[in-house]
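[1] Show me how the following folds:
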Amino acid sequence: MNLKVKLVLATVCLSALSGCSSLGVQPWERDLLAKKEMELTSSPIDAALDDHIYFSKEASSGGRGFAGGGCGCN
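    The predicted model follows:
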């Protein structure tokens, strides 16, 4: 192989290896991620209502601590 191909191959390999080097949350970043604004759901009441409607329509429950069947009467 010529030098140009080796250089491109080495660059691709180093890029692939360094791409996973920063996975995870660093200790000094945890205070920012723990703030109320960073939650996935903006309103816990709306999320609970959406979960109830979903499980009522699916005629099943489970996995999130809901009791009852799919009739929506619980």
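[2] use CA for all of it now, contacts and neighbours both
    Fine.
[3] From the chain's centre, how far out is stretch 16-28? Work that out for me.
    A distance of 16 Å separates the centroid of the chain from that of stretch 16-28, by C-alpha atoms, centre = their mean, to the nearest Å.
[4] and what of stretch 43-51?
    18 Å.
[5] got a list of contacts for it?
    Here stretch 43-51 makes contact (C-alpha atoms under 8 Å, 6 or more residues apart in numbering) with residue 41.
[6] Send me it as PDB with only the CA atoms.
    Only the C-alpha atoms of stretch 43-51 are listed here, as PDB (Å, rounded to 0.1, in the frame of the first residue of the first chain):
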ATOM      1  CA  SER A  43     -45.200  18.000  33.800                       C
ATOM      2  CA  PRO A  44     -45.500  14.800  35.800                       C
ATOM      3  CA  ILE A  45     -49.300  15.100  36.000                       C
ATOM      4  CA  ASP A  46     -49.500  15.200  32.200                       C
ATOM      5  CA  ALA A  47     -47.100  12.300  31.900                       C
ATOM      6  CA  ALA A  48     -49.300  10.200  34.400                       C
ATOM      7  CA  LEU A  49     -52.400  11.100  32.400                       C
ATOM      8  CA  ASP A  50     -50.800  10.100  29.100                       C
ATOM      9  CA  ASP A  51     -49.700   6.800  30.600                       C
END
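[7] got the buried residues for stretch 44-56?
    52, 55, 56 (16 or more other C-alpha atoms under 10 Å).
[8] how near is the second one to residue 22?
    Taking C-alpha to C-alpha, to the nearest Å as the criterion, residue 55 is separated from residue 22 by 38 Å.
[9] what's the answer for the last one, then?
    For residue 56, the distance to residue 22 under the criterion C-alpha to C-alpha works out to 41 Å.
[10] what secondary structure does the residue nearest the centre of the chain sit in?
    Among the residues of the chain, the one closest to the centroid is residue 40, at 9.0 Å (C-alpha atoms, centre = their mean). Following DSSP: H, G, I helix; E, B strand; the rest coil, we place residue 40 in the coil state.
[11] separation between residue 50 and residue 43?
    From residue 50 to residue 43 the distance is 11 Å (C-alpha to C-alpha).
[12] try residue 30
    Taking C-alpha to C-alpha, one finds residue 30 at 21 Å from residue 43.
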